[in-house]
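Peer 1: show me how the following folds:
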Amino acid sequence: MTTGLRDNSFARLHSPYVPPRQYFDRYAQGELPEPHIGEWAQVHDDPETAADPNAWRGRMTSAQIGRARAGYYGEISFIDAQVGRAMSWMQQHVRRQLADTWILFAWDHGDMQGDHNLWRKTYAYEGSARVPFILVPPRRRGKPDRAVVDEIVELRDVMPTLLEAAGLPVPHTVDGSSLIPLLTRRADSWRKYIHGEHCRCYSGEQEMQYITDGARKFIWLPRTGQEQFFNLEEDPGETCNRIEDPNCAEEVQQWRSYLVRELKERNCGWVMDGKLDPGDDPLVSPFKDVRWLGARPAQEE
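Peer 2: As a prediction, this is how the structure comes out:
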């Protein structure tokens, strides 16, 4: 039996949003959802930046937002169609192999699409940070016991999942975990949250750190000192920043402590006296000057 891994990637779902015309028209001629605009988002209502064709923020007109969303949704539908074509071809021509094939579909990031007067990627907000993650087992295994799992998964789980699916060992140095056991049962122990971050990209203002479990989210913007806390169960659009809400004070402190622990364990110099403190230097890995020479082969006896 031959076992193989294959990766196929699409380069689109980035601006400029230019799907084939029929996919654009599918959405341009219909009603599209309005962007989420947080009560805190006026800081990004920047007319000067909005006039830039490559704007990362700024309040756009309804027509501009509609065209952007039609293009973006059209790109998504175009990709969906190509995945469908691939599945149809396999069903017709390699049905036996398809019955033994694992399929994992995931994105690396989303796009703000005008939410909170923001555009493109690199943000901690749901439009940018929350991505699809679909794992389809081989048909010979039958339907999984759990069609939807609520454990917190992330992209570092892709490698160990595919290695286990291929019957290959998972290196002990891997940070992620295979998701295959989750198809049949809840995990006895699993991560409580994920830690996300992004350095300066479009603007130093948007350098960010965040912690979330999909139900709550704590965000820290180190260059502005701003903190945000969202109850995603009640407010999935992240429109109400509850960082100053006295009813959330205990939760805020708990989630802030998670981020403090992540950064303290990294020894990156961004925690002082148990508090978040970015200093003046950008966040870098303490191993940035250490060159990995690879694992040494075992000595022959």
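Peer 1: the stretch 101-250 of the chain: strands as residue ranges?
Peer 2: Assigned by DSSP state E, counting those that start in this stretch, the strands in the stretch 101-250 of the chain fall at 103-106, 133-136, 194-198, 208-212, 216-221, 226-231.
Peer 1: for stretch 103-119, measure first residue to last.
Peer 2: Distance across stretch 103-119, first residue to last, is 31 Å (C-alpha to C-alpha, to the nearest Å).
Peer 1: how about stretch 256-275?
Peer 2: 9 Å.
Peer 1: buried residues, it. List them.
Peer 2: 256, 258-260, 262-264, 268, 270-271 (16 or more other C-beta atoms under 10 Å). In this view, the C-beta of every residue, glycine as well, is placed from N, C-alpha and C.
Peer 1: run through who's touching that stretch.
Peer 2: 192-193, 195, 209-211, 218, 220, 222, 227, 276-279, 281, 283-286 (C-beta atoms under 8 Å, 6 or more residues apart in numbering).
Peer 1: make a PyMOL selection of whichever of the residues you listed turn out to be buried.
Peer 2: Selection of buried members from those for PyMOL, criterion 16+ other C-beta under 10 Å:
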select buried, resi 193+195+209+210+211+218+220+222+227+276+278+283
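Peer 1: of the strands of the stretch 101-250 of the chain, which is nearest R156?
Peer 2: When the strands of the stretch 101-250 of the chain are compared by C-beta to C-beta, strand 194-198 sits nearest R156, at 9.1 Å.
Peer 1: which helices and strands sit right next to that closest one?
Peer 2: Under the contact definition 3 or more C-beta pairs under 8 Å, 6 or more residues apart in numbering; DSSP states H and E, strand 194-198 sits against strand 208-212, helix 249-266.
Peer 1: just the angle between the shortest one and helix 249-266, please?
Peer 2: Spelled out, that is strand 208-212. Angle of strand 208-212 versus helix 249-266, following axes from the mean of the first three to the mean of the last three C-alpha atoms, to 10 degrees, is 120 degrees.
Peer 1: strands paired with strand 208-212, and their directions?
Peer 2: Sheet pairing of strand 208-212 (DSSP bridges) gives strand 194-198 (antiparallel), strand 216-221 (antiparallel).
Peer 1: which residues of the chain score low on pLDDT?
Peer 2: Within the chain, the set of residues satisfying pLDDT under 70 comprises 1-12, 284-287, 292-301.
Peer 1: what residue is smack in the middle of it?
Peer 2: For the chain, A129 is the residue whose C-alpha lies nearest the centre (C-alpha atoms, centre = their mean; 3.7 Å).
Peer 1: can you pull the contacts of M159?
Peer 2: 170, 174, 176.
Peer 1: out of the strands of the stretch 101-250 of the chain, which is closest to L162?
Peer 2: Short answer: strand 103-106, nearest of the strands of the stretch 101-250 of the chain by C-beta to C-beta, at 6.5 Å.
Peer 1: what's the spacing between Y72 and M272?
Peer 2: 41 Å (C-beta to C-beta, to the nearest Å).
Peer 1: can you give me the end-to-end span of stretch 124-136?
Peer 2: Start-to-end span of stretch 124-136 (C-alpha to C-alpha) is 28 Å.
Peer 1: what does it contact?
Peer 2: 36, 102-113, 115-116, 118, 120-123, 153, 155, 161, 179-180, 183, 196, 198, 208-210, 212, 217, 219, 232, 236-238.
Peer 1: at 7 Å what do you get?
Peer 2: 103-113, 115-116, 121-123, 153, 161, 179, 196, 208, 210, 219, 236, 238 (C-beta atoms under 7 Å, 6 or more residues apart in numbering).
Peer 1: show me what the helix of greatest length in the chain is packed against.
Peer 2: Counting by DSSP state H, the longest helix found in the chain is helix 62-93. Where contact means 3 or more C-beta pairs under 7 Å, 6 or more residues apart in numbering; DSSP states H and E, helix 62-93 is packed against helix 21-28.
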